[in-house]
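A.B. asks: sequence first, predicted model second:
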Number of protein chains: 2
Amino acid sequence: MSTDSFIEGVHFTPSIFSPYNIGYKALASALSDIAASAGKPTWYFLNLGIKKNQTRKEINDIFRGLQYLERKYSVKLLGGDTARSPFLFLSITVGGTAKKPITRCGAKKGDKIYLTGNIGGAIFGFIALQKKIKSTITKYHLTPEIRCEEALKLNRKYRINSMIDISDGLLIDSNHISEESGKKLNINLKEIPICPECKKFAEKYSLDLKENILTSGEEFELLFTSPDNIKEKFAHKIGYVSSGKGVYIDGKLTPPRGYRHFE
Amino acid sequence: MSTDSFIEGVHFTPSIFSPYNIGYKALASALSDIAASAGKPTWYFLNLGIKKNQTRKEINDIFRGLQYLERKYSVKLLGGDTARSPFLFLSITVGGTAKKPITRCGAKKGDKIYLTGNIGGAIFGFIALQKKIKSTITKYHLTPEIRCEEALKLNRKYRINSMIDISDGLLIDSNHISEESGKKLNINLKEIPICPECKKFAEKYSLDLKENILTSGEEFELLFTSPDNIKEKFAHKIGYVSSGKGVYIDGKLTPPRGYRHFE
């Protein structure tokens, strides 16, 4: 089980997010936490806080966003609570099943570090939306893909010692694995798979590619460690685990930084 | 399982509720839903939205309120999510076990209708708080008792055909039983047990006793129906179930009214 809140003014702005996007991303974010344990999400509960001026259409559109993912992943809405609220929010509690759940604390010396898919879309998509630049990369921020099937496949075919989604950012979440496993994570910057459109976007608008890639939150790609050579198109080797502590990017100790709710 | 939100400006005002009271009442309200099914609550998940200016002491005090009920009912906080929020809120998802859960849809013709405890404290306590009148009845609004043990005892000793807590108000919630059971509920106004201090308070300040008693929300007493003569100090017979539909107060059809989030 896992629970997650998606709050107006904190996780999303209604001027950027359509009601459909709000429903989609709130549930995506909750489901991703189950994926990150190699679980199969099966049900969820929804706490919905609705503003006074919210129209019936907007509420229906929020549910369309939720229902898209319900159908895609065969997840059932089992119940919930709806209340008037000064701000729009969704708290989602999701449950799933896992034969052999994977945690953040099992990374072993000698493991290789992998990342599913390309990253950067969440942050550069957000920048495009904020700057009102029309770009296809906005979809990575608004309706990100999650990695439910990939996580199950990995867990079935390989030995996966630790896994996490990088929804707090690659740097913060690799530090979670490092701390909870008591190991040193060595990551090669140039091996981090970056979405090609995002690279172009960063170049065009002179944005710091490295900093944004390391700290971009709300990415739902999975970071995992395994002693095996993972032969899947979606899995990219980006480093290795050794004894020690901390996360080293290109050999340099790099403390966690990025968005945090409470500094 | 059940889930409930407790939202600043909707369910509580910080000028009236201390942080301790906020924690207490948020969990009380969630646990009461399990009690109303004659379940034993065992665990909960918490989604906490915290404002920027919230102090560490305030947050600790919210948790003191939660912990009081955790200990009293042996409920464990299993996990949750904490996020910055423009307003304070708690969404609580609670789980419990029940050998024979009771629903709202089982009321039978000939059942007697009962209410646990005295009601009125939630609304008159709220009026006292709002009018800044010092009174012992404010505790019924701030830290209401819930009926976990009573519900379990009833379910063990008697045939309970339907049950609900009257957190939406006696009138709205008796209509829930009526509608979902497809039966007519006949309630005698003078048999409704009213907290004696509240009666005095209503008289002193010339408040409409009947209207307030029928519509007072956030009461956590249990309304239930049974063919048995319930011999418990806390259970008060207030009417009977017959075939037909609707709720009749002193023989008069009385449609639901009271606080609703969405009119």
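C.D. replies: Happy to help now that I have it. Numbering: from 1, shown residues only, chains lettered A, B, ... in the order given.
A.B. asks: count the residues that sit near A:Phe63.
C.D. replies: Neighbouring residues of A:Phe63 were enumerated by other Cβ atoms under 10 Å in any protein chain shown; the total is 17. (C-beta placed from N, C-alpha, C; glycine too.)
A.B. asks: how many residues are close by the nearest residue to it once chain neighbours are set aside?
C.D. replies: The shortest distance from A:Phe63 to any residue other than its chain neighbours is 6.1 Å, reached at A:Gly23 (Cβ to Cβ, 6 or more residues apart in numbering or on different chains). Burial of A:Gly23 is recorded as 27 neighbouring residues (other Cβ under 10 Å).
A.B. asks: over to A:Ala83?
C.D. replies: Other residues within reach of A:Ala83 by the criterion other Cβ under 10 Å amount to 19.
A.B. asks: that one against B:Ile7, yeah?
C.D. replies: Yes. Under the contact definition of Cβ atoms under 8 Å, A:Ala83 touches B:Ile7, with a separation of 5.9 Å.
A.B. asks: check the contact lists of those two and give me the overlap.
C.D. replies: With Cβ atoms under 8 Å, 6 or more residues apart in numbering or on different chains applied, the overlap between the contact sets of A:Ala83 and B:Ile7 consists of A:Gly49.
A.B. asks: isn't there a helix covering A:Leu66?
C.D. replies: Yes. Using DSSP: H, G, I helix; E, B strand; the rest coil, the assignment for A:Leu66 is a helix.
A.B. asks: just the residues contacting stretch A:235-242, thanks.
C.D. replies: For stretch A:235-242, contacts defined as Cβ under 8 Å, 6+ apart pick out A:107-117, A:150, A:154, A:181, A:183-188, A:191-193, A:225, A:230.
A.B. asks: of the residues you listed, buried ones?
C.D. replies: A:107, A:111-117, A:150, A:154, A:181, A:183-187, A:192-193, A:225, A:230 (16 or more other Cβ atoms under 10 Å in any protein chain shown).
A.B. asks: name the element whichever residue of the stretch 51-200 of chain A sits closest to chain B belongs to?
C.D. replies: Chain B sits closest to A:Ser91 of the stretch 51-200 of chain A, with a gap of 3.7 Å, by Cβ to the nearest Cβ. For A:Ser91, the enclosing helix or strand under DSSP states H and E is strand A:89-97.
A.B. asks: surely A:Gly258 meets A:Ile172?
C.D. replies: Yes. With contact defined as Cβ under 8 Å, A:Gly258 counts as touching A:Ile172 (5.1 Å).
A.B. asks: okay, and the common contacts of the two?
C.D. replies: Counting by Cβ under 8 Å, 6+ apart, the residues touching both A:Gly258 and A:Ile172 are A:215, A:217.
A.B. asks: quick one, domains of chain A?
C.D. replies: If the domains of chain A are taken from automatic domain parsing, they occupy A:2-97, A:112-253, with pieces of a single domain joined by a plus sign.
A.B. asks: now the last one: average pLDDT?
C.D. replies: The one in question is domain A:112-253. If you average the pLDDT over domain A:112-253, you get 96.
A.B. asks: what's the span of that domain, first residue to last?
C.D. replies: End-to-end distance of domain A:112-253: 18 Å, with Cα to Cα, to the nearest Å as the criterion.
A.B. asks: give me the distance from it to the chain's centre.
C.D. replies: Here domain A:112-253 is found 9 Å from its chain centre; the criterion is Cα atoms, centre = their mean, to the nearest Å.
A.B. asks: quick check: residues of the stretch 51-200 of chain A near chain B?
C.D. replies: In this structure, the stretch 51-200 of chain A approaches chain B at residues A:78-87, A:89, A:91, A:93, judged by Cβ under 8 Å from any Cβ of the partner chain.
A.B. asks: A helix includes A:Asp4, no?
C.D. replies: No. Using three-state DSSP, the assignment for A:Asp4 is strand, not a helix.
A.B. asks: my guess is it contacts A:Leu27. True?
C.D. replies: No. Applying Cβ under 8 Å, one finds A:Asp4 not in contact with A:Leu27, separated by 9.1 Å.
A.B. asks: returning to that earlier point: I'd say the residue of the stretch 51-200 of chain A closest to chain B and A:Ser2 touch.
C.D. replies: No. With contact defined as Cβ under 8 Å, A:Ser91 and A:Ser2 do not form a contacting pair (11.5 Å).
A.B. asks: higher neighbour count, those two?
C.D. replies: Relative neighbour count places A:Ser91 above the other of A:Ser91 and A:Ser2, with 33 against 23, counting by other Cβ under 10 Å.
A.B. asks: what sits against the more buried one?
C.D. replies: With contacts defined as Cβ under 8 Å, 6+ apart, the neighbours of A:Ser91 are A:3-6, A:46-47, B:3, B:5, B:47, B:81, B:91.
A.B. asks: bridged to it, which residues?
C.D. replies: On the basis of DSSP bridges, A:Ser91 takes part in beta bridges with A:Ser5, A:Asn47.
A.B. asks: ok, the closest residue to A:Gly117 other than its chain neighbours - how many residues close by?
C.D. replies: Taking Cβ to Cβ, 6+ apart as the measure, A:Gly117 lies nearest to A:Glu221, with 4.6 Å between them; neighbours along the chain are not counted. Other residues within reach of A:Glu221 by the criterion other Cβ under 10 Å amount to 28.
A.B. asks: check contacts around A:Glu221.
C.D. replies: A:115-119, A:147, A:165-166.
A.B. asks: let's go with 6 Å and repeat that
C.D. replies: Taking Cβ atoms under 6 Å, 6 or more residues apart in numbering or on different chains as the contact definition, A:Glu221 lies against A:115-117, A:119, A:166.
A.B. asks: equivalent analysis for A:Phe234, please.
C.D. replies: Going by Cβ under 6 Å, 6+ apart, the list of residues near A:Phe234 reads A:116-117, A:150.
A.B. asks: what lies in contact with stretch A:41-59?
C.D. replies: Contacts of stretch A:41-59 with the rest of the structure, by Cβ under 6 Å, 6+ apart, involve A:19, A:31, A:34, A:73, A:75-83, A:85, A:88-96, B:3, B:5, B:7, B:91, B:93.
A.B. asks: for the closest residue to A:Glu179 other than its chain neighbours, give its distance to A:Leu185.
C.D. replies: Sequence neighbours aside, A:Lys245 is the residue nearest to A:Glu179 in space, at 7.5 Å (criterion: Cβ to Cβ, 6+ apart). The spacing between A:Lys245 and A:Leu185, counted by Cβ to Cβ, to the nearest Å, is 9 Å.
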